[in-house]
Structure formats: C-alpha cells, structure tokens
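Peer 1: model this:
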Amino acid sequence: MKLTVIGTGYVGLVSGTCFAEMGNTVTCIDVDTKKIEGLKKGVIPIYEPGLEAMVKRNIDSETLHFSTNLAKHLEKCDIAFIAVGTPMGDDGSADLKFVLQVAKEIGQNMQHSLIIVDKSTVPVGTADKVYDTIQKELEKRNVTIEFHVVSNPEFLKEGDAINDFMKPDRVVVGADDVKASEKMRSLYSPFFRSSMDRLITMDVRSAEMTKYVANAMLATKISFMNEVANICELVGADVNKVRIGIGSDSRIGYSFIYPGSGYGGSCFPKDVKALKKTAEEHGYTAKLITAVEDVNDNQKMVIAHKVVHRFGQDLKGKTFAIWGLAFKPQTDDMREAPAIYIIKDLVKRGAQIRAYDPKAMDEAQHFYLKDVQNVSYFKSKYETLQGADAMILLTEWKEFRSPDFEELKQQLKQPIIFDGRNQYNDQLLLDLGFEYFQIGKK
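Peer 2: Next up, the predicted model:
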C-alpha cells in the first residue's frame with residue numbers, strides 16, 4: 001500500500017519505518033525542514049535500538065521517503081496516519097491543536113477517498129473532531145469525498161519499539177465502517193502470519209479509550225508496588241521478597257511490579273492525567289487514577305529523602321555520583337524522569353552532582369537540566385565516582401548491573417550506594433563493607 005505518515009516523532013518515525021520494512025511505500029511528513037533533510041540522509045533525531053539501520057535500509061530500497069509536502073503525497077496514498085504530538089495542556093488534558101491542524105490540512109488538500117488514521121494518543125471523541133474538521137474544509141471547497149476516520153492506538157515500549165511493532169502482541173483498530181476495518185486488517189496482516197486473532201477490531205471510541213486504560217493500568221501496578229515498598233520499610237518487611245511472593249500468582253505476574261523511583265517518560269504521566277481529566281469533563285472523579293498519580297509524584301523523591309536522612313538537610317560540601325538520567329534504559333528520553341527531580345532537590349540543598357548516562361546526557365545538558373548549576377557530566381560510570389560521597393543509581397542500564405564494586409570503593413570517599421532500582425544483592429554489598437540503601441527495605 002501507499003501510506004502517508006504525518007509527524008516524524010517517536011510514533012510516526014517508528015510506525016512509518018516498520019510499515020516500509022514490510023514492503024509498503026511510505027512517505028513521512030513533517031513541517032520541520034531541517035529534521036526532514038536530516039532524515040533523508042539517515043540522521044535519526046531519537047535514540048531507539050535498531051531504528052537507524054532500518055531507516056537507512058528502507059531509504060536505500062526506496063520504500064521510505066521523507067517530505068514537507070503533505071498535499072503532494074496525499075494525492076498518492078491509500079491511508080494517511082496522523083502521528084503528531086499531543087502535549088499535555090495546563091489543565092492535564094491532551095492538547096489536540098496539532099492533530100486538528102493536520103486534519104484541517106487534509107481537508108484542504110484531499111483529492112480522493114481516504115482512510116485517515118489517528119495514530120497519536122488522543123482522548124475519546126477525537127475521531128469525531130477530526131472527521132468534523134475535515135468535512136468542514138471539504139464543504140468550504142464545495143466538494144464531496146468519501147473518507148473514514150479510524151483509531152489505531154500505538155503500544156510501543158521505548159527501547160523495544162521495533163520489536164513491538166514488527167511482532168505485536170495486539171493491534172487495536174477502531175472503525176465504524178466495515179471497508180475501512182478490512183483495509184486496516186489487510187495492512188497489518190503481514191505482521192500476523194501465524195494468527196490474525198491478535199488484531200482486535202472495535203468501535204472508534206472504545207479503541208481511543210483502550211490506549212489510555214492500558215497505560216493507566218500499567219502505571220497503577222507501578223504505583224501500587226511502590227506504595228507497598230514504602231509500607232514494607234515501615235514494618236520491617238523486604239519488598240523484594242514480597243514481589244517474588246505475589247508475582248508467582250499467575251493472576252498478578254511479575255511485569256510492572258518492580259519497586260523503584262517512580263515512572264516517567266512521555267506516555268504514563270501524560271496519559272494518566274488525560275484519563276483523569278476526561279473523567280472530570282464527564283462529571284466523574286477518578287479517585288484511583290488520582291491516587292496513582294499522587295503516589296508516583298511522591299515516589300520520585302524517595303531516594304532524595306534517603307540521601308537527606310543519611311547526610312542531613314544541608315548538603316553543602318557533599319558530592320553525589322548519579323548513574324542514569326533517562327527515565328528507563330534503552331532510550332535517551334528524560335521526560336518526567338525521576339533523575340530530574342532528585343538532582344534538582346540535591347543541588348538546591350547545596351550538593352555537587354557528577355552524572356553519567358549512556359545516551360541521555362545531551363538531553364540533560366541542553367534541555368532538562370540546562371539551567372541547573374553544580375552538575376558535571378562524565379564519559380564513564382567510574383569517572384563519575386571520583387571524590388563522590390555516595391553513588392546513586394537511577395536508571396537500570398545493563399552496564400550498571402555488574403559493576404566492579406572494589407573500584408567503587410576505591411573511587412568513592414565512602415562506600416555508600418543509594419539504589420533507586422533495587423538492582424544489587426544487598427547481602428553481597430554488606431559483606432563488601434558498603435552502606436546500601438534500597439527502596440522498600442530498611
């Protein structure tokens with residue numbers, strides 16, 4: 001098929017590239033000329049394992065193209081995907097200005113029957129707004145063109161997005177037209193060679209709701225386990241053992257029940273707020289979802305509180321080595337990362353920070369922590385340790401899993417580790433002479 005993907009952010013670029021990998025002819029559209037020119041040369045604006053090689057391969061095979069000219073490529077395509085950003089508004093709702101602007105441009109330039117797909121994460125009712133916006137523009141042009149708006153939410157994990165797209169555990173398609181639904185089924189059929197039952201069709205509003213509910217459920221598991229961790233500390237239990245005990249129950253499982261410093265990233269914080277706002281707009285107070293958000297906000301500061309409890313309120317003259325800045329491994333994404341909040345709090349108390357992350361240091365230096373004083377960045381995890389009073393682990397990158405603990409002892413002023421991901425064996429570190437602070441255990 002001939003596809004146009006509007007928006008070359010995380011969702012648009014991954015989706016367009018993976019569709020091209022399956023043999024479709026795909027053009028990714030963006031208003032950012034510099035970004036498009038870079039993409040034409042294989043310059044990838046985000047870090048995602050495997051994406052750069054796939055983009056270059058499909059550019060070379062001429063299945064993947066990049067352009068700023070939406071009108072030209074609407075003329076040739078069968079399906080147009082809207083994959084622009086939906087940033088969080090001041091009131092917590094999803095801001096649809098970019099989605100509706102694209103819908104307006106589609107209405108101004110559409111020449112033949114099209115399927116328009118909402119790939120962006122959007123609240124319930126957005127497809128109706130997109131339809132109305134397009135129809136209004138067609139009426140201004142005094143033309144009649146059949147089109148359908150479909151919801152096809154993405155379920156991509158940053159750091160494993162290529163695998164998620166190429167081997168999906170499910171694809172959700174919300175369509176109120178049988179032909180549009182079948183067209184989407186045909187598009188996705190190469191991704192389900194063994195079984196098509198993982199392509200789930202439903203009405204549009206249910207599909208829109210499914211995306212928010214999926215992320216809110218995962219966020220709930222994380223916040224629940226973090227709340228349990230905090231209770232474990234108070235009563236003298238070990239949350240690591242509790243996790244194993246409950247995860248062995250097949251109804252619960254082990255996914256998303258690891259205690260830590262809270263969730264971050266582009267999806268969970270934004271989608272939880274948007275779902276809560278959607279409920280409010282319809283006269284319902286989402287108490288559980290509100291609690292999930294509140295627990296997470298507090299959890300981001302748990303490690304900072306442990307540092308203060310150990311070293312005191314005044315941290316002047318103290319230096320801390322930070323391992324990990326991204327909100328999770330295998331990405332350079334720092335949106336809502338716990339590291340931002342912890343570093344700012346420690347610096348506010350007078351501390352010096354020495355930081356290292358395999359991929360996210362540019363993001364930290366040039367955006368998220370650019371105005372924060374007393375933060376230095378280093379090229380290796382061991383270099384950050386030199387002269388630090390303690391090491392603080394915030395992102396569970398693989399290279400942090402089995403460090404040379406003797407090297408840590410030599411570089412640190414004192415053998416002290418604060419582990420925001422409960423990654424290490426506490427007995428091993430105690431035997432080596434470390435003070436070791438975890439989440440959910442005294």
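
Peer 1: Quick one: the helices in the stretch 51-200 of the chain, in order.
Peer 2: 51-60, 70-74, 97-109, 126-141, 161-166, 178-188 (DSSP state H, counting those that start in this stretch).

Peer 1: and those helices as TSV, adding distance to R401, mean neighbour count and mean pLDDT?
Peer 2: Placement of C-beta: from N, CA and C, glycine included. Listed next are the helices of the stretch 51-200 of the chain as TSV, based on distance: least, CB to CB, whole Å; neighbours: other CB atoms under 10 Å; pLDDT from 0 to 100:
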stretch	distance to R401	mean neighbour count	mean pLDDT
helix 51-60	24	17	97
helix 70-74	45	18	95
helix 97-109	39	20	97
helix 126-141	41	17	97
helix 161-166	21	18	95
helix 178-188	36	17	96
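
Peer 1: Of those, which is nearest E336?
Peer 2: In terms of CB to CB, the element of the helices of the stretch 51-200 of the chain nearest to E336 is helix 161-166, at 18.2 Å.

Peer 1: Mind giving me the packing neighbours of that closest one?
Peer 2: Secondary-structure packing of helix 161-166 (3 or more CB pairs under 8 Å, 6 or more residues apart in numbering; DSSP states H and E): helix 10-21, helix 51-60.

Peer 1: rerun that using 6 Å as the cut-off
Peer 2: helix 10-21 (3 or more CB pairs under 6 Å, 6 or more residues apart in numbering; DSSP states H and E).

Peer 1: Now do the buried residues in the longest helix belonging to the chain.
Peer 2: Taking DSSP state H as the criterion, the chain has its longest helix at helix 204-235. For helix 204-235, burial by neighbour count (16 or more other CB atoms under 10 Å) applies to 204-205, 207-212, 214-216, 218-230, 232-233.

Peer 1: picking up where we left off before, list just the one of the helices of the stretch 51-200 of the chain that sits closest to G23.
Peer 2: Across the helices of the stretch 51-200 of the chain, closest to G23 is helix 51-60 (CB to CB), at 9.7 Å.

Peer 1: send the alpha carbons of that closest one over as CSV?
Peer 2: The C-alpha trace of helix 51-60 is given here as CSV (Å, rounded to 0.1, in the frame of the first residue of the first chain):
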residue,chain,number,x,y,z
LEU,A,51,15.8,2.2,14.1
GLU,A,52,18.7,3.9,12.4
ALA,A,53,19.7,0.8,10.4
MET,A,54,16.1,0.1,9.4
VAL,A,55,15.6,3.7,8.2
LYS,A,56,18.7,3.6,6.1
ARG,A,57,17.9,0.2,4.6
ASN,A,58,14.4,1.4,3.5
ILE,A,59,15.7,4.7,2.2
ASP,A,60,18.1,2.7,0.0
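
Peer 1: Distance from that helix to the middle of the chain?
Peer 2: 22 Å (CA atoms, centre = their mean, to the nearest Å).

Peer 1: Roughly how far does the residue lying farthest from the centre of the chain sit from I246?
Peer 2: Distance from the centre of the chain peaks at N142, with 41.6 Å (CA atoms, centre = their mean). For N142, the distance to I246 equals 63 Å [CB to CB, to the nearest Å].

Peer 1: just F320 next, same as before
Peer 2: 33 Å.

Peer 1: These two: which has the busier surroundings?
Peer 2: F320 (24 against 15; other CB atoms under 10 Å).

Peer 1: Next SSE downstream of the helix or strand where that one lies?
Peer 2: Applying DSSP states H and E as the criterion places F320 in strand 319-323. Heading C-terminal from strand 319-323, the first helix or strand you meet, by DSSP H and E, is helix 338-348.

Peer 1: Which elements pack onto that following helix?
Peer 2: Helix 338-348 is packed against helix 302-311, with contacts defined by 3+ CB pairs under 6 Å, 6+ apart.

Peer 1: The helix it packs on vs helix 204-235, what angle?
Peer 2: If you take axes from the mean of the first three to the mean of the last three CA atoms, to 10 degrees, helix 302-311 sits at 20 degrees to helix 204-235.

Peer 1: how does this structure divide into domains?
Peer 2: Per automatic domain parsing, the domain ranges recorded for the chain read 2-202, 212-298, 300-437.

Peer 1: Quick check: mean pLDDT of the last one?
Peer 2: Looking back up the chat, that one is domain 300-437. For domain 300-437, mean pLDDT is 97.

Peer 1: How far does it sit from its chain's centre?
Peer 2: 22 Å.

Peer 1: What is the end-to-end distance of it?
Peer 2: Taking CA to CA, to the nearest Å, domain 300-437 runs 15 Å from one end to the other.

Peer 1: next SSE after the longest helix of the chain?
Peer 2: Immediately after helix 204-235, counting by DSSP H and E, sits helix 239-247.

Peer 1: Measure how far that next one is from the centre of its chain, please.
Peer 2: Computed by CA atoms, centre = their mean, the chain-centroid distance of helix 239-247 equals 26 Å.

Peer 1: what's the angle from that helix to helix 204-235?
Peer 2: Using the same axes, to 10 degrees: helix 239-247 against helix 204-235 is 130 degrees.

Peer 1: Only alpha carbons, please: show helix 239-247 as CSV.
Peer 2: C-alpha atoms of helix 239-247 as CSV (Å, rounded to 0.1, in the frame of the first residue of the first chain):
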residue,chain,number,x,y,z
VAL,A,239,9.6,-5.6,49.3
ASN,A,240,12.0,-7.7,47.0
LYS,A,241,10.8,-10.9,48.7
VAL,A,242,7.2,-9.7,48.7
ARG,A,243,7.4,-9.0,45.0
ILE,A,244,8.5,-12.6,44.4
GLY,A,245,5.8,-13.9,46.6
ILE,A,246,2.9,-12.1,44.8
GLY,A,247,4.4,-12.3,41.3
